[in-house]
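K.L.:
make a model of this:
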Amino acid sequence: MSGRKNVFVTLGLTLSVSLLAAALAVLLFTFHYGHLQFDLLNAVCGEVVEQDPQARRIIAAALKEYTGGNADGSAYEDVLSSLGYRASDFSVPTYRQSLWCIGAGFLAGSLLFACTWAYRNRREALRIQALAAYLEQRGTSAAPILPASPKAASGEDDFSRLEDEIYKTVTFLYQTKEAAIQARNGFAENLSNIAHQLKTPITAISLSVQMMEHDLAAKASCARETAMPPISPAVTSGCYLEQIQKQLQRLTRLEEALLLLSRIDAGTLALEKEEVDVFTLLVLAADNLQELLDASGTSVEIPEQGGMMVMADLDWTMEAVMNLMKNCLEHGGGGKILCSYAQNPLYTEILIWDEGRGFAKEDIPHLFQRFYRGRNAAKNGIGIGLALAKEIIELQNGTLRARNRPGAGALFEIRLYSH
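P.N.:
Numbering: from 1, shown residues only. Next up is the predicted model:
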């Protein structure tokens, strides 16, 4: 459709210029032909007056009648034909002059058309040059928005639409490039964090094994020198085995978290949508942490505020809530973990907070970054729990934010939207 439109535009331009040139040629020829008629009539009348001076009055009256509109129609009598003359007998002397007028009009029209066509091509060349410069600049750095073309200001044409499509394509490619660079940098950073997290328990296990070997060798040497029976290895290395067991548990948690992160990044984490009671969700999360709660002397208060249902995956949402409660457990100082929830037509809000010192101000913007460990992070933490909780909540059309309460303590705010 655009190609046909271009043909119509070109034909219209050519026709308009041709009509203008033809009108100019007709105007010039009419003006010239009027002078020729006047000269011819002047010559005829001069000859008549020269032959008969008394005829001047008759000629003047005839000319006055003719220029006045030829009221009586007497001048329509074909006198010249009766005398044997034809129109071609009077046109031969003016033929060359007419050709000169027609040629001048044609030349003027051609020049006008050539100038118009050259101006149009120049405009198009400038637009193409500007577009090429934009693409070259965009390929090396972040170029500004493509400026509007001159024709786009008065009306959109095919070239304007091409410019728009190129701009959108280049912008999309640039954004894709930036996203790929960020993903690469994020991958490198995550890989470095993973290596660091793996190094800590592996080093602890290695040191515990070395200490076990050293302790067993020393006791065996002492037993040989004193002729005492060797002490059981289970008695001498019990504390080292306990340390190894703790570090192995930490490695297991790290492995599970990494597998979960990879599933989230790949978009393969299957979440089931079902009606979940908020009170039941909070109670189940607290029950799964009961052993840790008892060990730290922390209690969880969950008020029953009536049945409030949300559409969510019970198991994974409970996992997210457990991570939030665990964070409150580690930083709450052994006090209480408090919960509340409310619902409106837009979303269901769940609040979880503790009575501790709260978050450090500089940590708040980075709390949900993977592997980030703040100033007051737990000794055995790996910095994934809050990041996992946020991604699980967001996958279910929700938001998760963290802030400090006006009094004291850290607060997490979950909002699960209905639509």
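K.L.:
which residues of this structure fall in helices?
P.N.:
In the chain, helices defined by DSSP state H lie at 2-51, 55-67, 79-82, 88-91, 95-140, 150-154, 158-226, 233-236, 238-266, 278-288, 290-296, 314-331, 385-394, listed in chain order.
K.L.:
pLDDT (mean, whole number) over the fourth one?
P.N.:
Think helix 88-91. Helix 88-91 shows a mean pLDDT of 60.
K.L.:
next: the fifth one.
P.N.:
Taken as a whole, helix 95-140 has an average pLDDT of 72.
K.L.:
tell me the buried residues in stretch 281-301?
P.N.:
Buried residues in stretch 281-301, defined by neighbour count with 16 or more other CB atoms under 10 Å: Leu281, Leu282, Val283, Leu284, Ala285, Ala286, Asn288, Leu289, Leu293, Thr298, Val300. Just so you know, the C-beta spots here come from the backbone N, C-alpha and C atoms, and that holds for glycine as well.
K.L.:
ok, now which ones touch the last one?
P.N.:
Right, Val300. Ala286, Leu289, Leu293, Met325, Lys336, Ile337, Leu338, Cys339 (CB atoms under 8 Å, 6 or more residues apart in numbering).
K.L.:
gap between Leu395 and His366?
P.N.:
Distance of Leu395 to His366, given as CB to CB, to the nearest Å: 21 Å.
K.L.:
which of those two has more neighbours?
P.N.:
Counted by other CB atoms under 10 Å, Leu395 and His366 do not tie: Leu395 has more neighbours, with 17 against 12.
K.L.:
under the pLDDT cut-off, which ranges of the stretch 251-400 of the chain? List them.
P.N.:
Within the stretch 251-400 of the chain, the stretches with pLDDT under 70 are 376-381.
K.L.:
go with 90
P.N.:
Residue ranges of the stretch 251-400 of the chain with pLDDT under 90: 251-272, 291-292, 294-297, 305-307, 330-335, 355-361, 363, 366, 369-385.
K.L.:
tell me the pLDDT at the residue nearest the centre of the chain?
P.N.:
In the chain, the centroid-proximal residue (CA atoms, centre = their mean) is Phe172; its distance is 5.9 Å. The model reports Phe172 with a pLDDT of 82.
K.L.:
before we move on, what about Ala71?
P.N.:
You'll see Ala71 listed with a pLDDT of 49.
K.L.:
please apply the same query to Val7.
P.N.:
At Val7, pLDDT is 57.
K.L.:
Serialize the helices of the chain to a markdown table and add fields for distance to Tyr417.
P.N.:
Formatted as a markdown table, those follow (distance: least, CB to CB, whole Å):
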| stretch | distance to Tyr417 |
| --- | --- |
| helix 2-51 | 44 |
| helix 55-67 | 92 |
| helix 79-82 | 100 |
| helix 88-91 | 91 |
| helix 95-140 | 38 |
| helix 150-154 | 40 |
| helix 158-226 | 25 |
| helix 233-236 | 56 |
| helix 238-266 | 19 |
| helix 278-288 | 14 |
| helix 290-296 | 30 |
| helix 314-331 | 14 |
| helix 385-394 | 11 |
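K.L.:
and those helices: which comes nearest Met308?
P.N.:
Smallest distance to Met308 across the helices of the chain (CB to CB): 4.6 Å, for helix 278-288.
K.L.:
returning to that earlier point: distance to Gln245 added to the contacts of Val300, as CSV?
P.N.:
Compiled in CSV, the contacts of Val300 are given as follows (distance: CB to CB, whole Å):
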residue, distance to Gln245
Ala286, 26
Leu289, 20
Leu293, 21
Met325, 24
Lys336, 31
Ile337, 27
Leu338, 33
Cys339, 32
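K.L.:
and the two most separated of the residues you listed?
P.N.:
Checking those with CB to CB, the most distant pair is Leu289 and Leu338, at 14.5 Å.
K.L.:
what sits against Pro345?
P.N.:
Counted by CB under 8 Å, 6+ apart, Pro345 has contacts Ser418.
K.L.:
ugh, wrong one, Val49
P.N.:
Ala55, Arg56, Ile59.
K.L.:
once you drop chain neighbours, what's closest to the first one?
P.N.:
The spatial neighbour of Ala55 that comes closest, neighbours along the chain excluded (CB to CB, 6 or more residues apart in numbering), is Val48 at 5.1 Å.
K.L.:
from what I can see that neighbour touches Ile59, true?
P.N.:
Yes. In this structure, Val48 is within contact of Ile59 by CB atoms under 8 Å, at 6.3 Å.
K.L.:
what's the local residue count around Leu329?
P.N.:
As a burial measure, Leu329 scores 23 neighbours (other CB under 10 Å).
K.L.:
please name the residues that touch it.
P.N.:
Taking CB under 8 Å, 6+ apart, we find Leu329 in contact with Leu289, Leu292, Leu293, Ser296, Thr298, Ile337, Asp354.
K.L.:
tabulate these in a markdown table, adding columns for distance to Ala387.
P.N.:
Below are the contacts of Leu329 laid out as a markdown table (distance: CB to CB, whole Å):
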| residue | distance to Ala387 |
| --- | --- |
| Leu289 | 19 |
| Leu292 | 20 |
| Leu293 | 23 |
| Ser296 | 23 |
| Thr298 | 23 |
| Ile337 | 20 |
| Asp354 | 19 |
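K.L.:
quick check: which of the helices of the chain is nearest to Arg405?
P.N.:
For those, proximity to Arg405 was assessed by CB to CB; helix 314-331 is nearest, at 11.5 Å.
K.L.:
mind listing what's buried along that closest one?
P.N.:
Those would be 314, 316-331, for helix 314-331 by 16+ other CB under 10 Å.
K.L.:
could you dump it to CSV, C-alpha only?
P.N.:
Taking C-alpha atoms only, helix 314-331 is exported to CSV below (Å, rounded to 0.1, in the frame of the first residue of the first chain):
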residue,chain,number,x,y,z
LEU,A,314,0.2,-22.8,50.5
ASP,A,315,3.6,-24.6,50.6
TRP,A,316,5.7,-21.9,48.9
THR,A,317,4.0,-19.0,50.6
MET,A,318,4.5,-20.7,53.9
GLU,A,319,8.2,-21.0,53.0
ALA,A,320,8.4,-17.3,52.3
VAL,A,321,6.7,-16.5,55.6
MET,A,322,9.0,-18.9,57.5
ASN,A,323,12.0,-17.0,56.1
LEU,A,324,10.6,-13.7,57.3
MET,A,325,9.9,-15.1,60.8
LYS,A,326,13.4,-16.7,60.9
ASN,A,327,14.9,-13.3,60.2
CYS,A,328,12.9,-11.8,63.1
LEU,A,329,14.0,-14.7,65.2
GLU,A,330,17.6,-14.1,64.5
HIS,A,331,17.5,-10.3,65.1
